[in-house]
Structures are given as structure tokens and as C-alpha cells.
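**Q** Mind folding the following:
(one chain, ligands or ions: 2)
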Amino acid sequence: MVAFDPASSEVRSPAGEALSPCRNWTDHHICNWLVPVGDPTPYCAGCRLNATVPNLSAPGTLLLWKRLETAKRRMLYGVMGLNLGLPIESNELKFHFLQDQRTNPWVVEPHVLTGYSAGEITINIAEADDVQRESSRLEFFENYRTLLGHFRHESGHFFWPRVVNTDEALSEFRQFFGDERADYPGALAAYHASGPPPDWQASFVSAYASAHTHEDWAESWAHYLHITDSIETAAANGMVWSPESDEWLKQWMDLSVALNEMNRSMGMADAYPFVLLQPVQEKLRFIHRRVEASRQNI
Ligand SMILES: [Zn+2]
Ligand SMILES: [Zn+2]
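**A** Ligands and ions are numbered 1, 2, ... in the order given. This next block holds a predicted model:
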């Protein structure tokens, strides 16, 4: 077998190296990351962050969990890997993959909300079911709803205090995103009652970003991760000059137009159904500056 070594960001064979497959490979075949031999936990850098995993007794649950882990590893690779180089200590972040009674009448929780609270990311595993997720996407009038998008959004809440971590950064943040101290429950209730302002596209990357400053940050952060990952992939395939270029945002806007045209050629929905107007571009550039200031020297 070959598998991914998160420590070196390389795909390698564990045979002959001081590496072994993650326990979630040996037990369930749902993880392809490696663990150093002698590590105190048999789980890889991604799986050791799991606090609650799905009960696999219900048919089909293993496949849903596999999809969750694939999206989670992609998000983690983007933030921890060479692109952003932001460290995550295994005691700082935890994941809960939960089910509620809407998809499994035998569980206790009537309603599990996907979200973030104090270092814990909760994902309703129904989001890994294509039919359920697509029906939520239509219900909420969204152009884009993916598992990877959920992980990237929630990681934004985790990283906010870690990258907006000086007084100067916080005051610059408020210039672009507004005041995060505004009443959060009230803002969310108003958003769910009345929807976004009609001109939300002038200032926000998505309708939901208009709900509250913290949600604007998390949505913009998710887009920053979509963009940096996509540019890295494009560069690896010889499609853009360099992922290190200062022109990264311009490169992305050109590339995303081409991607959308390609998808239309195949009768598919747009790969990137978003418009990045000037205020949104400034938010993304602010995130880029904070990541550059916070990244670990590697
Ligand atoms: Zn693993
Ligand atoms: Zn959020």
C-alpha cells in the first residue's frame, strides 16, 4: 500500500519506514494517513482529533463516516500542510460526528446542528448523505453545499482567535468584517427570520456570510481554503504559474471562470458559483496576510 504521511506531506509506502497505517485504515479502511511507529496513539494526526464517531451498527453508516473523514483530511491537509502551515495541537480541536432522530429514530438527539463551539466541531452525519445534503441546499437557497465546505467553514471559527491574534490585527479585522461583539443569537435569529439583505453580494461572499461578523469570517475563510487548495492543484497540473504568486487572487478569478465554463461544457453546475467583488477580495487578502503572519516556519 501507499499512504499519506502528514508529517512530511508526502505519499509514501510504510514498508521499510518507521511508519504504520492509521488504526482507522486497519479497522475500517476509511483513512489513508500514516502514523510514526512508537507514537502513543495508533491514530493519525487527523483521526486522533475525533471525540465522537458514528455508531456503525446502522447499515450505510460506514460509507457516510468515510466521506466525513475524507473531507476532514482534505481540510486538515490544507491548513496544516505546506500551503498554510498552521499547527493544530491534538488537545486543541475535537470533532463530533453525530446523528439525530431525523435520520435515525434510535438516537437520543432530536436535532443536531452542524457548528463550532470552544474547540469542538460538530457535524451532523446526514450532511454526508447526498440526498439529505442536496435537499438542505435547496431549502436554504444555497448555490454550494459540500462536506468539505462545512469543514472549512467550521475550521474558520477555530482559527479566528489564532490568526487574528494581535490588537492591530483585530482592529484591521473590524474594518473589513465589522464588529464581532454584536449580539450573535439575535443576529442569527434575524437572519433565519428575514434572510439576507437584497444587496448582500456587494459585500459578502455568500448570503449566510451576512448573518453575523463571525459567520462572514468563517465563510470567507472557507473560500480562502477553497482558493489556496485549488491553486495548488492547478499549479501541480501546470495550469497556473505558481501558488506562491502575489497575484493568487487574480489567478483564481481567471481560473474559476475557466472552471465554470468547463463545467457548463459538460452540462454540470458551476464549479465555483460565486462572484468576488472588491470588498470580498479585501477580506480574502486580509486573511492571506494573517495566515502569512501566523504560519509556522517549516
Ligand atoms: Zn487516520
Ligand atoms: Zn459558522
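**Q** make it CA atoms for all contacts and neighbour counts henceforth
**A** Noted.
**Q** So for the helix or strand bottoming out on mean pLDDT in the chain, what gets flagged as buried?
**A** Least confident helix or strand of the chain, by mean pLDDT, DSSP states H and E, is strand 10-12 with a mean of 83. Neighbour-count burial for strand 10-12 flags residue 12 (criterion: 16 or more other Cα atoms under 10 Å).
**Q** mind listing the helices for the stretch 101-250 of the chain?
**A** Ranges of helices within the stretch 101-250 of the chain are 130-139, 147-163, 167-177, 184-194, 213-236, 248-265, based on DSSP state H, counting those that start in this stretch.
**Q** Nearest to residue 67, out of these?
**A** helix 147-163 (8.0 Å; Cα to Cα).
**Q** hang on, the earlier thing: between the helices of the stretch 101-250 of the chain, which gets nearest to ligand 1?
**A** helix 147-163 (16.1 Å; Cα to the ion).
**Q** Can you give me the distance of residue 184 to residue 86?
**A** The gap separating residue 184 from residue 86 is 27 Å, by Cα to Cα, to the nearest Å.
**Q** quick one, which of those two is more surrounded?
**A** Neighbour count, other Cα atoms under 10 Å: between residue 184 and residue 86, residue 86 has more, with 23 against 15.
**Q** got the contact list for the more buried one?
**A** Contact analysis of residue 86 by Cα atoms under 8 Å, 6 or more residues apart in numbering lists 79, 80, 291, 294, 295, 296.
**Q** ditto for residue 263
**A** With contact set as Cα under 8 Å, 6+ apart, residue 263 has these partners: 269, 270, 271.
**Q** For the closest residue to residue 132 other than its chain neighbours, grab the count of nearby residues.
**A** Take residue 132 and drop its neighbours on the chain: the residue closest to it by Cα to Cα, 6 or more residues apart in numbering is residue 126, 6.2 Å away. Residues near residue 126, counting by other Cα under 10 Å, number 22.
**Q** And residue 125, by the same measure?
**A** Neighbourhood size, residue 125 [other Cα under 10 Å]: 25.
**Q** repeat for residue 53
**A** 14.
**Q** Quick check: which element contains the residue lying closest to it once chain neighbours are set aside?
**A** The shortest distance from residue 53 to any non-neighbouring residue, by Cα to Cα, 6+ apart, is to residue 97 (5.3 Å). If you go by DSSP states H and E, residue 97 is part of strand 94-98.
**Q** need the contact list for the residue nearest the centre of the chain.
**A** Centroid check for the chain by Cα atoms, centre = their mean gives residue 152 as the closest residue, at 1.3 Å. Residues in contact with residue 152 (Cα under 8 Å, 6+ apart) are 75, 218, 221, 222, 225.
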